[in-house]
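[1] got a predicted structure here, sequence first:
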Amino acid sequence: MAHFADKKRTLQDQRLEYPLKMMHAYPRGITGWGAHTMTGEEAKNLGIKNAFIVTTGLRGTGIIEELQGILKHAGVESSVYDNVTGNPKDHEVMEGYKKLSEGEYDGLVSVGGGSSTDCCKGIRLVDGHDGENIRTFEGAFKATKPNKIPHLALNTTSGTGAEASCFSIINQTDELYKMAIFDPNCTPTLSLNDPILHQCMNGDIAAYTGMDALTHAVEALASRLKVQAAYGPGLWAIGQIFDNLRESSSNRNNDQAIEQMVWAEYAAGVSFNSAGLGIVHSMAHVLGGRYDSPHGLCNAIGLVDVCRYNLRACPDRFRMMAEAAHINVVGLTDYKAGEKFIEAVEELRCELGIRKNFRDLGLKNEDLDMCAQGVLNDICTEGNPQDVSLEDARKMFLKCSGEDIDFGSR
Ligand SMILES: [Fe+2]
């Protein structure tokens, strides 16, 4: 038997990247038709008597009114904070916390997509630290005190994964970038996914958010963190997205396709919660922070070019993704199989009618250097399987703007 000291030396000599893998907890979840009606009983079971509801513009759709009725029926009072905007801002988190602290609230309920959920996570974090500025939590594991109240996350979009993750992404509005906050204290207490709420999205939003879910799964699979226990849900999500996203975005009455997309977005969220992401998300964070661009659309635009950039770094995992997408890759090398997968993603994006590029989202030439630096600063870049230089980040913004860019051999 090899001596332990020799074995240890061998491991050190191999200079393993990220030798220790972490699986991060995701919340208890309830998924299925009618899940939203559980909110009242679940809130009551968590001891909530007065809930603070955090949402975007959903008041008037009937969803918030119904939810307040469900809570009331379970004996839970509630008030609504609905000043949250897409790409939620730091000042919205602090305003939400101020309103929360002015009442006698003992629980948080977020209703909406990633913006509502992430803002609510921020409010809970600030509340746990007696009003400390949300900006102090930028980065990983910055919380020093436990949360004071529970958070029920009622998700309404089939893309975000925020209800299943410990990430919160908040715009830093002085310097116009997105802060990534990665902290177990951001994990909701309970996630609820009801397909009937997802069905309220229109087809375009369903397409953009579905491509966000695909990006979560692809980046988690390709990530240099190599958290293999997170591959299962990611691969399953890829298969479901290829099977159902076209139909669910074009026919909002197809209950089966919509339900499968709900499961896919949730599974992809579970996958990236531990395996991390890559520069598709770094670029989306830069564009969302600087130009308020829609997150899902940014990812839909960036995914194909970044996959081509990353393919050489992990062709074996791109082969797994091709197989998960039911592409016949028998007899092909891993690299060729990966190319087939990327072509299929490009085809899917075209069929969804997504033809915009980063210029259409507001990208300006004079901002390119700042945007490239923003990618290098973003926490998601750490997971990208291919090393990214400042020059390559700059080129990638141009490539995703429709320019003919050659990255050379890497
Ligand atoms: Fe995302």
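    Alright, I've got the coordinates. Numbers count the residues shown, from 1 in each chain.
[2] for residue 161, which non-adjacent residue is closest in space?
    residue 269 (2.6 Å; CB to CB, 6 or more residues apart in numbering). Heads up, the C-betas are built off the backbone N, CA and C, glycines and all.
[3] in terms of residue numbering, what are the domains of the chain?
    28-198, 203-399 (automatic domain parsing).
[4] what average pLDDT does the first one get?
    Regarding domain 28-198, the rounded mean pLDDT is 96.
[5] give the contact list for the residue lying closest to residue 31 once chain neighbours are set aside.
    Using CB to CB, 6+ apart and skipping the chain neighbours, the partner closest in space to residue 31 is residue 193 (4.3 Å). By CB atoms under 8 Å, 6 or more residues apart in numbering, the contact list for residue 193 reads 29, 30, 31, 32, 35, 155, 163, 262, 265, 266.
[6] can you pull the phi/psi pair for residue 193?
    Torsion angles at residue 193 (phi, psi; degrees, to the nearest 10) stand at phi -130, psi 110.
[7] wait, a helix at residue 54?
    No: looking at residue 54 with DSSP: H, G, I helix; E, B strand; the rest coil, it is strand, so not inside a helix.
[8] any idea how far it lies from residue 369?
    36 Å (CB to CB, to the nearest Å).
[9] neighbour count: the two, which is higher?
    Set side by side, residue 54 and residue 369 show more neighbours around residue 54, with 33 against 13, by other CB atoms under 10 Å.
[10] if I look at that one, how far off is residue 366?
    Using CB to CB, residue 54 is found at 36 Å from residue 366.
[11] now swap in residue 171 and tell me
    20 Å.
[12] tell me which of the two has more neighbours.
    residue 171 (26 against 6).
[13] OK, contacts around the closest residue to the more buried one other than its chain neighbours?
    Excluding the flanking residues, the one nearest residue 171 by CB to CB, 6+ apart is residue 89, at 4.7 Å. Applying CB under 8 Å, 6+ apart, one finds that residue 89 lies in contact with 170, 171, 173.
[14] which one of the residues you listed is nearest to residue 234?
    Nearest to residue 234 among these: residue 170, at 25.0 Å, using CB to CB.
[15] these two touch, right, the closest one and residue 122?
    Yes: between residue 170 and residue 122 there is a contact at 5.4 Å, judged by CB atoms under 8 Å.
[16] list residues touching both of these two?
    88, 90, 93, 134, 181.
[17] quick one: which of those is most hemmed in?
    Highest count within these by other CB under 10 Å belongs to residue 88, 30 neighbours.
[18] look up how far residue 33 lies from it.
    Using CB to CB, residue 88 is found at 28 Å from residue 33.
[19] ok, residue 175 next?
    For residue 175, the distance to residue 33 - CB to CB - is 43 Å.
[20] try residue 56
    Taking CB to CB, one finds residue 56 at 23 Å from residue 33.
[21] those two: who's more crowded?
    residue 56 (20 against 14).
[22] surely the more buried one and residue 117 touch.
    No: using CB under 8 Å, residue 56 makes no contact with residue 117, being 10.2 Å away.
[23] quick one: buried residues of stretch 271-282?
    271, 272, 273, 274, 275, 276, 277, 278, 279, 280, 281, 282 (16 or more other CB atoms under 10 Å).
[24] for residue 22, phi and psi?
    Dihedral pair for residue 22: phi -120, psi 130, per degrees, to the nearest 10.
[25] residues touching it, list them.
    227, 274.
[26] gap between it and residue 242?
    Computed as CB to CB, the residue 22 to residue 242 distance reads 29 Å.
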